[in-house]
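Colleague: sequence and predicted model, in that order:
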Amino acid sequence: MTRRGALQLVAAVSGVLAVALVVRSLAEGAEAIDVRSHHLTHAVLILGGAAAALALTAANRRPDSLPEKPQWLLPAILGPLGGMVLMVPTFYPYMNAHPTVHALSHLGHISAGFVTAWCGERYRVRIGWTTTLFLEAMAVGAAFGFGVTR
């Protein structure tokens, strides 16, 4: 298997596993877990989407004459913002009462991870890795911060 093929396989497996977690939660229904664990689950979903994007961008990297592509900067910034909005505890009662909306929010976390990494890498090489690390740090930090009772 070529390097490109291996990276494409990693991307596919990462994306499929992340989506499988969402499908599992939808099929099993609402599960009563504490907010901290739920935020950590979000971090895993974000990581699945980001890993898929980073593997895809690495597999499809082409030499380019322009080191930066500014049109990708705004979505690279908005991806983490969207991921954090989905974690606002005020939304939890509604989402817990509506399992489909909750599952869609989990797909939103996967998408936020993907957009953050993909657009960051498209903006400039290695920026996707950096933005992904910051998004993951925010998701893990949320598990020990806002909305979490001590």
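Modeller: Received it, and whenever you're ready, just let me know what you need.
Colleague: hey, where'd the helices end up in the protein?
Modeller: Along the chain, counting by DSSP state H, helices occupy 3-28, 35-59, 73-85, 92-97, 99-123, 127-143.
Colleague: looking at those, which is closest to Pro67?
Modeller: Closest of those to Pro67 is helix 99-123, at 10.0 Å (criterion: C-beta to C-beta). For glycine as for every other residue, the C-beta is placed from the backbone atoms N, C-alpha and C.
Colleague: quick one: buried residues of the closest one?
Modeller: For helix 99-123, burial by neighbour count (16 or more other C-beta atoms under 10 Å) applies to 102-103, 105-123.
Colleague: and if you look at stretch 85-94?
Modeller: By 16+ other C-beta under 10 Å, the buried positions in stretch 85-94 come out as 86-87.
Colleague: run through the chain and note the low-pLDDT ranges.
Modeller: Scanning the chain for pLDDT under 70 picks out 29-32, 65-66, 146-150.
Colleague: ok, now with 80
Modeller: Along the chain, the model assigns pLDDT under 80 to residues 1, 25-35, 61-67, 89, 92, 96, 145-150.
Colleague: I'd like to know how far Leu104 sits from Ala52.
Modeller: Distance of Leu104 to Ala52, given as C-beta to C-beta, to the nearest Å: 18 Å.
Colleague: quick check, Ala117 in contact with Gly48.
Modeller: No: between Ala117 and Gly48 there is no contact under C-beta atoms under 8 Å: 10.8 Å.
Colleague: picking up where we left off before, now the helices of the chain as CSV including distance to Pro67?
Modeller: Output for the helices of the chain, formatted as CSV (distance: least, C-beta to C-beta, whole Å):
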stretch, distance to Pro67
helix 3-28, 22
helix 35-59, 15
helix 73-85, 13
helix 92-97, 41
helix 99-123, 10
helix 127-143, 11
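Colleague: residues touching the closest residue to His102 other than its chain neighbours, list them.
Modeller: Once flanking residues are discounted, His102 sits nearest to Met95: 4.2 Å by C-beta to C-beta, 6 or more residues apart in numbering. Applying C-beta atoms under 8 Å, 6 or more residues apart in numbering, we find Met95 in contact with 101-102, 105.
Colleague: and of those residues, the nearest to Thr2?
Modeller: Closest to Thr2, out of all of the contacts of Met95 and judged by C-beta to C-beta, is Ser105, at 36.7 Å.
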